[in-house]
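J.: Quick one: sequence plus predicted model below, questions after.
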Amino acid sequence: MELCKACHAGCCRRYNPYLWGSDIIRICNTLKVDINFFTSVRKVEGEEIEQLKGKEPMFIFTDSGQENYFVLVMKFNESKYYPGTSKCMFLQEWSADALGSEELSGIIGRCGVYGIRPINCRAWPATYDENVRNVVIQDPHLILDKKHKRITDDPVQDICSRPMTHEDYSMYEAQYVEDAIINNYEKQFFIKVAEKWNKNPAVSDKFYEFILKEYNNRIEHIKEASK
C-alpha cells in the first residue's frame, strides 16, 4: 500500500499481535529457532478471563504451580532509533538520511520476516464485524485511537498520517478478505487446541511439542470435531 511506503511502522510498535499455532510453527521451521526466541506470554487476569474465554486462545501453564491463563504474543524489544520505546523484535529500522534516500525521510521501519509474518499482521487492518459475518477494513487513522489505548503518548505510536481511502487498498481488497478469513479460521482452530491443552495442562517446555503434534494431525483433528 502506497500509504505505508514512508511509514515508521507505528503499528509494529503500538500493537503486540497474538500468535496462533500455525504462526509459531512456520516461524520456528523457517528460521530454525526455538519458540522462546520470539514468543512471549501475557498473563490474563480477573474479568478479562471471562471476556476472552471462547473468543481468544488462552493457555494454562503449570510452571508456577498455579492455574493461570496466558495468551501468546510476539516478543518486543527496545527501539534503536526511539530509545525508551519498544517494537516487534522482527521490525528492522533505518535512518533515511543515513541511507541517503531522496524519496523517504526520518526513520524507516520494515518487517524483517514479511514473508512468514503472523497472519494477524498479514490481515491488518481487515477484521470481521461483531457477528463474524462480513469482513471490515478498518481505518487506523479514524477509529483505532478510540478503540485501542496507547501504551504511551509517544508519537512513535502514531499510525497512518491521514484517513484511508478506497483507492489506498482497492488493488489488495480481495487479498484483505482472504487474509481475514484465514486469520479467523486459524484463531478458531487454536482455541480448540487451547481447550484440549487446558484439560491436562503442563509446563511450558512441553508446549511446542504438543502444538506440533496437533497441527501435524490437523486433518484428523477436524474430522473428529465434525463427528
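T.: Right, received. Where do you want to start? Only a predicted model underlies this, so the values are computations on that prediction, with no experimental measurement involved.

J.: all contacts plus neighbour counts: C-alpha atoms, from now on.
T.: OK.

J.: Give the other helices and strands that the helix or strand hosting residue 180 contacts.
T.: If you go by DSSP states H and E, residue 180 is part of helix 173-199. Helices and strands touching helix 173-199, as assessed by 3 or more C-alpha pairs under 8 Å, 6 or more residues apart in numbering; DSSP states H and E, comprise helix 21-31, strand 59-61, helix 119-123, strand 126-128, strand 135-137, helix 207-216.

J.: Near residue 22, how many other residues are there?
T.: 18 (other C-alpha atoms under 10 Å).

J.: again with the one 10 residues further on
T.: Neighbour count for residue 32, taken as other C-alpha under 10 Å: 10.

J.: What of residue 187?
T.: Residue 187 has 21 nearby residues by other C-alpha under 10 Å.

J.: ok, it to residue 119 distance?
T.: 10 Å (C-alpha to C-alpha, to the nearest Å).

J.: try residue 110
T.: Residue 110 sits at a distance of 16 Å from residue 119 (criterion: C-alpha to C-alpha).

J.: and what of residue 60?
T.: Taking C-alpha to C-alpha, one finds residue 60 at 23 Å from residue 119.

J.: and if you look at residue 81?
T.: From residue 81 to residue 119 the distance is 27 Å (C-alpha to C-alpha).

J.: now do residue 211
T.: For residue 211 relative to residue 119 (C-alpha to C-alpha), the value is 17 Å.

J.: now do residue 17
T.: Distance from residue 17 to residue 119, by C-alpha to C-alpha: 9 Å.

J.: Between those two, point out the one with more neighbours.
T.: residue 119 (21 against 17).

J.: Identify the residue nearest that one in space, chain neighbours excluded?
T.: Spatially, and ignoring its direct neighbours in sequence, residue 119 is nearest to residue 183 (5.7 Å; C-alpha to C-alpha, 6 or more residues apart in numbering).
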